[in-house]
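Chemist: sequence and computational prediction follow.
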Amino acid sequence: MTPTSPRKIPEVLVTASAAKIAKAIPSVANTAHIISPAFMSTFSRGLPPRLGFIFGAYNRRGHYSILVALLFQSHLRDNESPPRSGFREDVMDRYLHGRALPKYALGFGALALLITGCQPGSTPGPSSSPSASSPSASAGSTGVPHHMDGGIAAADPLPSGEQHPAELTPQQLYALGERSVFAIEGRRPDDFTGLGTGFLVDKEGAMGVTNAHVVEGLSAITGRFNTGEKAALHVIASDPCTDLAVIHFSSDLPKQAEALIFGSSADVKPGDTVTVLGYPGTLARSAEQKLLITSGLVNAIKVSARGVGLPEYKDTIQHGATVNFGNSGGPLLDHHGRLVGINALINFGSQNAPAQGQFYSISSDSAKSEIVGKLLKGDSPNNMGWAVEEYYPGYFEGLDRTRGPALDAQLARAGVKGGLYIKAVTPGSGASKAKIKAGMLLTRLQNTSVATIDEMCGVAESILPGATAEVDGLYLLSDPTHFGTEFHTEFVVPGKH
């Protein structure tokens, strides 16, 4: 029969229609990468020229030709005549004049969707949506693309244009915190309560992160989400010198729980808005404390800082988002809900020069290398087998306003001005075997004075795991009958555990 010239359609209409089809059926956009080019070329050679072009053009041009060519024939040559093979000429004639178009379009569309749906994890092409099919899955509510890095989710660069995720509102950030951030509470051997905040980094593995000073020395630790749901916690590994710890939920997480995504603190600039989420102490009972949210501006980055009773933080973000006692270990988020810091320190200044609005968070980049490289593997660097805090006049009053003042007064009469108070000792460790107990005060390690965490870390970092170390100190609450008496002992420094 006489070939029929195809109807011409303006190129702009073809392009617009292609975009609409791709948007309406996103999975079709990947079909060319699922059906290999070799298969398509072979398959197209056995078809009439017009249908062969439909499949072949996808391989050569790389756009949505599978359905577009079925709908529009503007690219077909006017003098093209189909051979008598494959489809019958009357079928081809009906196809070209549009009477059978819906049937064939539906058939090929269904075939494309079927093939696409049977290929989970297929590699996307350049025209596909990164948030829909790239190896970097979107993180639930935030829409931030990410990849897994050593057991935690690490953010990928944000896509541009229409795929760029919107900034989260304060209400959305709070909702994210309800799923990701939990209050930490436990008891110390000296019967004081420890409080803080943690956040999920791996939902499947039930892993969370907090400050080491929050959980070291605590027993019977629980994590409580803002919904009131609780789960038991135990410490996997911690490093007192970076003040980071990895904790594990030993009971089921809430179904709505969601892990936070690590962003890069290198992207944070002064003037950026950041958000603090956590469970600081308020007038409410600790068991009823709700998640609190505060926001502020970044003041400075890559700041070295240390406070009383804490190690030196070599890389922090200084900001104005209010941090209070109990916020320690909680997340600092950017406006996309990405973790950019871990809250650790407040600068109150001095009595003569009080400071306001100076808060410090461990940068996510420095924390990530420590968490992935060591803590998640169960390695506790600088672990001496004990959990200590700096003692200073008024220390016990800060823990308990009822019992504390009397203890501080007793230490003052004994002439004690500083040292490292042991709040717990790891059972079975070298320190435990050497009769080092909670309630002692350390004053020297390896014949070096250690009145601060920073001084202890300077010595601890030079001691190899398994080596023998010397320690001097005073009996305090560990042995009331020998209160203030000096002791000296040796112990074996633990390795990985």
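Modeler: Sure thing, it's come through.
Chemist: and the nearest residue to P240 once chain neighbours are set aside, how many neighbours?
Modeler: Counting by Cβ to Cβ, 6 or more residues apart in numbering, A212 is the residue found nearest to P240 once chain neighbours are left out, at 5.1 Å. Bear in mind the C-beta positions are built from the backbone N, C-alpha and C, glycine included. Number of residues near A212 (other Cβ atoms under 10 Å) recorded here: 29.
Chemist: cross-check the contact I'm expecting between A212 and D243.
Modeler: Yes: between A212 and D243 there is a contact at 4.9 Å, judged by Cβ atoms under 8 Å.
Chemist: which neighbours do the two have in common?
Modeler: Counting by Cβ atoms under 8 Å, 6 or more residues apart in numbering, A212 and D243 have no contacts in common.
Chemist: thinking again about what came up before, identify the residues contacting the residue nearest to P240.
Modeler: Per Cβ under 8 Å, 6+ apart, neighbours of A212: S238, D239, P240, T242, D243, L244, A245.
Chemist: out of those, which comes closest to G458?
Modeler: G458 lies nearest to P240 out of the contacts of A212, by Cβ to Cβ, at 12.2 Å.
Chemist: my understanding was that the closest one contacts E216; is that so?
Modeler: Yes: counting by Cβ under 8 Å, E216 is a contact partner of P240 at 6.6 Å.
Chemist: what do these two both touch?
Modeler: A387.
Chemist: tell me the mean pLDDT for stretch 235-252?
Modeler: In this model, stretch 235-252 carries a mean pLDDT of 93.
Chemist: confirm that E490 sits in a strand.
Modeler: Yes: using DSSP: H, G, I helix; E, B strand; the rest coil, the secondary structure at E490 is a strand.
Chemist: hey, what's it bridged with?
Modeler: E490 has the following beta-bridge partners by DSSP bridges: E470.
Chemist: distance of it from L464?
Modeler: For E490, the distance to L464 equals 15 Å [Cβ to Cβ, to the nearest Å].
Chemist: do P165 as well
Modeler: From P165 across to L464, the span is 47 Å (Cβ to Cβ).
Chemist: do T210 as well
Modeler: Computed with Cβ to Cβ, the distance linking T210 and L464 is 28 Å.
Chemist: and those two? Which one has more around it.
Modeler: Using other Cβ under 10 Å as the criterion, T210 and L464 rank with T210 on top: 29 against 8.
Chemist: for that one, give its distance to H335.
Modeler: From T210 to H335 the distance is 23 Å (Cβ to Cβ).
Chemist: can you name the helix or strand that G428 falls in?
Modeler: Assigned by DSSP states H and E, G428 falls within no helix or strand.
Chemist: mind pulling the model confidence for it?
Modeler: 85.
Chemist: what's the neighbour count on D272?
Modeler: 16.
Chemist: quick one: I236 is in a strand?
Modeler: Yes: under three-state DSSP, I236 falls within a strand.
Chemist: partner residues bridging the residue lying closest to it once chain neighbours are set aside?
Modeler: Leaving aside its sequence neighbours, I236 sits nearest to V246 (Cβ to Cβ, 6+ apart; 4.5 Å). Beta-bridge pairing of V246 under DSSP bridges involves V209, A237.
Chemist: check the gap between V246 and G271 for me.
Modeler: Counting by Cβ to Cβ, the gap from V246 to G271 is 32 Å.
Chemist: repeat for I346
Modeler: From I346 to G271 the distance is 21 Å (Cβ to Cβ).
Chemist: just the pLDDT for P145.
Modeler: 88.
Chemist: so how many other residues sit close to it?
Modeler: P145, neighbours per other Cβ under 10 Å, totals 21.
Chemist: list the beta-bridge partners for it.
Modeler: S138.
Chemist: quick check, it in contact with P159.
Modeler: Yes: the criterion here is Cβ under 8 Å, and P145 meets it with P159 at 6.8 Å.
Chemist: any weak-confidence spans in the chain?
Modeler: The chain contains residues with pLDDT under 70 at 1-141, 282-286, 349-355, 495-497.
Chemist: if we use 50, what do you get?
Modeler: Low-confidence segments of the chain, defined by pLDDT under 50: 1-101, 106, 112-139, 497.
Chemist: what strands line up against the lengthiest strand in it, and which way round?
Modeler: Longest strand in the chain by number of residues, with DSSP state E as the criterion: strand 292-305. Under the criterion DSSP bridges, strand 292-305 sits next to strand 273-278 (antiparallel), strand 313-319 (antiparallel) in its sheet.
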